[in-house]
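Trainee: Structure here, sequence nowhere to be found:
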């Protein structure tokens, strides 16, 4: 006799099968950030989910954030982090710090996590192989410094890594027209990368259950939201701070051909698998 737990597992596997077939050979670009990068159990859960995606025939491409760690390092150096519309103002000194933290520290830690489960991954930045070409973001009222937006993606390096069965792990630092490094908000970098790689899905992990009708109420999740609704949430201040670049990135990705965008709670165990392989999914799906 099959017990309840065994029966439930069987039902989940049956439900997942058509999705596995549908997504075989397709790319998922996953932005890794928030508590999922800090909590040890969530970190291991994340790499195991990505490994599973790979072994059912999906091509996962990871691009990570690291804003909390950058801010911590700025404070140690006596600098005060400054943000405009959710984006970090990045002067020359901060840019050097961004490269050190994102490329030299966090990127290699993520690769080591994959190696701890015998999974092959390679850590790179958007500068490597001219993967991400960016131009400076211009705002009327403030000089954002070395903060950029992705204008072009060179997919050759990603394709070469995938051909050799490696999972790409990318730090969101791009190269600009003056050959300088540019700091790219990880959500916006993920959107640009997903569009340039013709990804099936863009998944943004965050520390919220999804997009909320009321930012003070974690149960007020909006399961599906469109571009017009997003503009209204930003206009009214319902969506603010770090959620603004996530929503902006989502719309940009969809307009450039990405099939689906999802904002998921990275604090929920197996959130990526639940979204990709179950009928109900979790979090918020963004549509045009």
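Mentor: Received the coordinates, thanks. All figures in this text were calculated on a predicted structure; none of them were measured in a lab.
Trainee: show me where the protein has helices.
Mentor: With DSSP state H as the criterion, the chain has helices at 4-23, 40-55, 67-76, 92-98, 107-116, 156-163, 186-196, 227-236, 243-255, 271-277.
Trainee: Could I get these in CSV, plus columns for distance to residue 123 and mean pLDDT?
Mentor: Every C-beta, even on glycine, is put in place using the N, C-alpha and C of the backbone. Formatted as CSV, those follow (distance: least, Cβ to Cβ, whole Å; pLDDT from 0 to 100):
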stretch, distance to residue 123, mean pLDDT
helix 4-23, 25, 74
helix 40-55, 13, 95
helix 67-76, 15, 91
helix 92-98, 15, 94
helix 107-116, 4, 97
helix 156-163, 11, 97
helix 186-196, 15, 95
helix 227-236, 32, 84
helix 243-255, 22, 88
helix 271-277, 20, 91
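Trainee: Out of the ones you listed, which one sits most buried?
Mentor: For these, the largest average neighbour count (mean count of other Cβ atoms under 10 Å) is found in helix 186-196, namely a mean of 29.
Trainee: what helices or strands is that helix leaning on?
Mentor: Under the contact criterion of 3 or more Cβ pairs under 8 Å, 6 or more residues apart in numbering; DSSP states H and E, helix 186-196 touches strand 27-32, strand 59-64, strand 132-136, strand 148-153, strand 201-206, helix 243-255.
Trainee: Check which helices and strands the third one sits against.
Mentor: By that I understand strand 132-136. strand 148-153, strand 173-175, strand 181-183, helix 186-196.
Trainee: Rebuild the ones you listed as CSV, extending it with distance to residue 279.
Mentor: Converted to CSV, the helices and strands packed on strand 132-136 look like this (distance: least, Cβ to Cβ, whole Å):
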stretch, distance to residue 279
strand 148-153, 32
strand 173-175, 37
strand 181-183, 39
helix 186-196, 23
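Trainee: So which of these is nearest residue 161?
Mentor: With Cβ to Cβ as the measure, helix 186-196 is the member of those nearest residue 161 (13.3 Å).
Trainee: now the closest one and strand 27-32, what's the angle there?
Mentor: 170 degrees (axes from the mean of the first three to the mean of the last three Cα atoms, to 10 degrees).
Trainee: Can you give the contact residues for helix 186-196?
Mentor: 27, 29-31, 33, 61, 63-67, 126, 132, 149-155, 170, 172, 174, 184, 199, 201-202, 204, 245-246, 248-250, 252-253, 256-258, 261 (Cβ atoms under 8 Å, 6 or more residues apart in numbering).
Trainee: Buried ones among those?
Mentor: 27, 29-31, 33, 61, 63-67, 126, 132, 149-150, 153-155, 170, 172, 174, 184, 199, 201-202, 204, 245-246, 248-250, 252-253, 258, 261 (16 or more other Cβ atoms under 10 Å).
Trainee: ok now do the most centrally placed residue in the chain, which residues does it touch?
Mentor: Centroid-nearest residue in the chain, with Cα atoms, centre = their mean: residue 31, separated by 1.1 Å. Counting by Cβ under 8 Å, 6+ apart, residue 31 touches 63, 64, 65, 186, 187, 189, 190, 202, 203, 204, 205.
Trainee: From residue 79, how far out is it?
Mentor: Distance, residue 31 to residue 79, by Cβ to Cβ, to the nearest Å: 25 Å.
Trainee: do the same with residue 222
Mentor: Here residue 222 is placed at a distance of 36 Å from residue 79 (Cβ to Cβ).
Trainee: Could you check which of the two is surrounded by more residues?
Mentor: Neighbour comparison, residue 222 and residue 79: the larger count goes to residue 222, with 17 against 14 (by other Cβ atoms under 10 Å).
Trainee: Isn't that one up against residue 209?
Mentor: No - look at residue 222 against residue 209 with Cβ atoms under 8 Å: they stay out of range, at 10.0 Å.
Trainee: any residues in contact with both of these two?
Mentor: Joint contacts of residue 222 and residue 209 (Cβ under 8 Å, 6+ apart) do not exist.
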